[in-house]
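Novice: coords below, sequence missing:
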């Protein structure tokens, strides 16, 4: 009997082990199929999606008895001594369903062998997940195989996670394109150097093609695709924008069939398109090569962005054209360039013929055209008094002999400047438009230094226009873009070192009282440099209002006590700043646009001036100020106008475009300005600012004696400007520092 008891005990133990091991095997299969990390503690009784309140049962794995599976996760760690399933705790029997996991075909669990402890030998089914290779997908539906928080598992999921390269990065290529892919990949291994000279560009282009698995951009089935054809057609007509198609060579794809040649041609077309985008966006010639008085901060498009734009473009012509300026002045010149080349431009306006000057009351065939040019009403061809008075006024404005008669000099002035090569002048101006911001904004100020005019623009229309005085030829006003930030009422003029060194100090050698008579003050800056300034007042060089747009050239726009200069047609008299003809009106216009509710009328501004004291009016929204040099432009009536090349910038720019420098013209250069012109004079510590007589008039002691002793090699500045303008006026009208 004891033997029988032992056998019965062993049999009952085996049955219990089988009952315990089977749910563990199914549980491991479920967790493995869901991709769970079984190395961490297993959450007790994970619920199937279609039965959130019921734990797995013996019935769900095909056992005859409807007992519940042991719930404790520890059973998986100690399968040799499982706790028997308590019958009293079992829920109502659940019948096996189609979604149930079957013992004969458990769901595979790739991670299970590494995380589940080896089951007891008495439970062979528990080892099934490690031995069954490929279960039938139909027997492991997602509803049973994964917890509610896991994504639906598939047999391929683990392979995808560990080997992402299995996903194709580009569509299937033809055999011809695959050969080009291989060649591009080969070129990327250090052989781009022959085609792409810039290391940065090589890196960017390689990254671009690497991201495409080296699939070509311009070729399909080994031939030019529509994208390439559109690019090549566009580049052949860039002369419409004043550029030279010869600067943008295109490979002869039609003569190529070898994959290696086609791959190299692919890269060459890349570089041509990138070069064009660079020139269209910021200029064929870098502004730094033309003059040190030019500064722009516009950046060329990145090569990667250019190529990406070509990939994404629905219309490649539109995409390439977008790199050119869209500003009204540029587009108007572009239209006139086309007219000139087609021979249908009015640029060659009918000139007034030269001949004997008519007397008042005499008939002359030139009278109708003369009336049109001077804006004088009247009919017929009689040279009357009204027309003679208009001629006299014109002569006065243009600094001509005021006779009231049609002299040869007057005729030349009325006909205006006529460039030898008007197309070249237009090309130079279109190039300067490329240097500028291509989006000028909704509200901005634009100055044409060559025409001595200033305009305020809003919503694409001119709001206000006035005359200005700008820099002399030897002290040109810079061309640049900056932002006006505030307006100063009753400003102080702080004299820049350039004027101190080259004008005031030489003048003081002859007359030590000159600064006193001009109302200037002298002091010392914290860094030891000389500080000369002029307090606010009627005779202040800046007048009563200054318009501030901070910039490296230390120029701005301002009022002036020398109002008579605005009567002249050519007004190049300042040290670089721009004097505005009607500054109170200018201030009113600007403030009405950015502070419309604050009541800054001309009357209020004049009252602030009368109150005295320096005051700043802040602009809550900065206004772009564009200083341009338009020797060719289209006026409001749609007529092409030319102006003199006062600063020689057309001449310098065209020389670069036509000379040897053209090859590297788009590469910026660093210019070093004359150190003497920027020199700020230092005062040694302890040196008295004033001594002896007034401003060191004793000729030996004090501040000026020290200065003159140290800087007596500085030559006196010549008297420049209008003959009727004394040096006193010319030395107090600007803060331009070269």
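Specialist: Received the coordinates, thanks. Computed from a predicted structure; not experimentally measured.
Novice: ok, and for stretch 496-516, which residues are buried?
Specialist: Across stretch 496-516, burial judged by 16 or more other CB atoms under 10 Å covers 496-508, 512, 514-515. Bear in mind the C-beta positions are built from the backbone N, C-alpha and C, glycine included.
Novice: Could you tell me which of those belong to helices?
Specialist: Among the buried residues of stretch 496-516, the members found in helices (DSSP state H) are 497, 498, 499, 505, 506, 507, 508, 514, 515.
Novice: Need these in a markdown table (columns: distance to residue 549 and pLDDT).
Specialist: Putting those into a markdown table (distance: CB to CB, whole Å; pLDDT from 0 to 100) gives the following:
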| residue | distance to residue 549 | pLDDT |
| --- | --- | --- |
| 497 | 21 | 80 |
| 498 | 19 | 75 |
| 499 | 20 | 78 |
| 505 | 29 | 76 |
| 506 | 31 | 81 |
| 507 | 30 | 80 |
| 508 | 32 | 76 |
| 514 | 31 | 82 |
| 515 | 29 | 82 |
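Novice: Of these, which is the nearest to residue 261?
Specialist: Top of the list for closeness to residue 261, among those and by CB to CB, is residue 498 at 58.6 Å.
Novice: how near is that closest one to residue 525?
Specialist: Using CB to CB, to the nearest Å, we find residue 498 at a distance of 16 Å from residue 525.
Novice: Equivalent analysis for residue 563, please.
Specialist: Residue 563 sits 33 Å away from residue 525, going by CB to CB.
Novice: Residue 423: neighbour count?
Specialist: Residue 423: 16 surrounding residues under other CB atoms under 10 Å.
Novice: How about residues contacting the longest strand that the chain contains?
Specialist: What stands out as the longest strand in the chain, according to DSSP state E, is strand 615-628. Contact partners of strand 615-628, identified using CB atoms under 8 Å, 6 or more residues apart in numbering, comprise 329, 432, 436-437, 440-441, 443-449, 477-490, 549, 557, 578, 587, 590-591, 593-595, 600, 608.
Novice: Paired strands for it, with orientation please.
Specialist: Note on strand 615-628: by DSSP bridges, its sheet partners are strand 443-448 (parallel), strand 479-489 (antiparallel).
Novice: who does the following helix or strand past it touch, helix- and strand-wise?
Specialist: Per DSSP states H and E, the first helix or strand lying C-terminal to strand 615-628 is strand 632-634. Applying 3 or more CB pairs under 8 Å, 6 or more residues apart in numbering; DSSP states H and E, one finds that strand 632-634 contacts helix 328-342, helix 422-435, strand 640-642.
Novice: among the ones you listed, which is nearest residue 211?
Specialist: Using CB to CB, these put helix 422-435 closest to residue 211, at 30.4 Å.
Novice: rewinding a little: need the strands paired with strand 615-628 in TSV (columns: mean pLDDT).
Specialist: Below are the strands paired with strand 615-628 laid out as TSV (pLDDT from 0 to 100):
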stretch	mean pLDDT
strand 443-448	98
strand 479-489	97
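Novice: Redo the ones you listed as CSV? Include mean neighbour count and distance to residue 413.
Specialist: Converted to CSV, the strands paired with strand 615-628 look like this (neighbours: other CB atoms under 10 Å; distance: least, CB to CB, whole Å):
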stretch, mean neighbour count, distance to residue 413
strand 443-448, 21, 19
strand 479-489, 20, 26
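Novice: could you redo the ones you listed as a markdown table and give each row distance to residue 617?
Specialist: Shown next, in a markdown table, are the strands paired with strand 615-628 (distance: least, CB to CB, whole Å):
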| stretch | distance to residue 617 |
| --- | --- |
| strand 443-448 | 16 |
| strand 479-489 | 5 |
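Novice: Compare those and give me the one nearest residue 175.
Specialist: Across the strands paired with strand 615-628, residue 175 has its closest neighbour in strand 479-489 (53.1 Å, CB to CB).
Novice: what comes into contact with that closest one?
Specialist: 293-297, 432, 436-437, 445, 449, 544-551, 553, 587, 590-591, 605, 608-609, 614-619, 622-629, 649.
Novice: orientation of it relative to helix 422-435 in degrees?
Specialist: Interaxial angle of strand 479-489 relative to helix 422-435 (axes from the mean of the first three to the mean of the last three CA atoms, to 10 degrees): 60 degrees.
Novice: May I have the secondary structure class of residue 267?
Specialist: Secondary structure state of residue 267, per DSSP: H, G, I helix; E, B strand; the rest coil, is helix.
Novice: Isn't it up against residue 196?
Specialist: Yes: the pair residue 267 / residue 196 is scored as a contact, 6.6 Å apart, by CB atoms under 8 Å.
Novice: Find the residues that touch each one of those two.
Specialist: residue 205.
Novice: where are the low-confidence patches of this protein?
Specialist: 1-171, 190-191, 344-349, 399, 417-418, 671-738 (pLDDT under 70).
Novice: Show me it divided up by domain.
Specialist: Listed by automatic domain parsing, the domain ranges of the chain are 2-155, 175-324, 367-415, 422-730.
Novice: quick one on the thing from earlier: closest to residue 353 out of the strands paired with strand 615-628?
Specialist: strand 443-448 (29.4 Å).
Novice: Quick check: closest non-adjacent residue to residue 244.
Specialist: Nearest non-adjacent residue to residue 244, counting by CB to CB, 6 or more residues apart in numbering: residue 238, 7.5 Å away.
Novice: typed the wrong thing, it's residue 661
Specialist: Using CB to CB, 6+ apart, the closest residue to residue 661 is residue 289 (6.9 Å).
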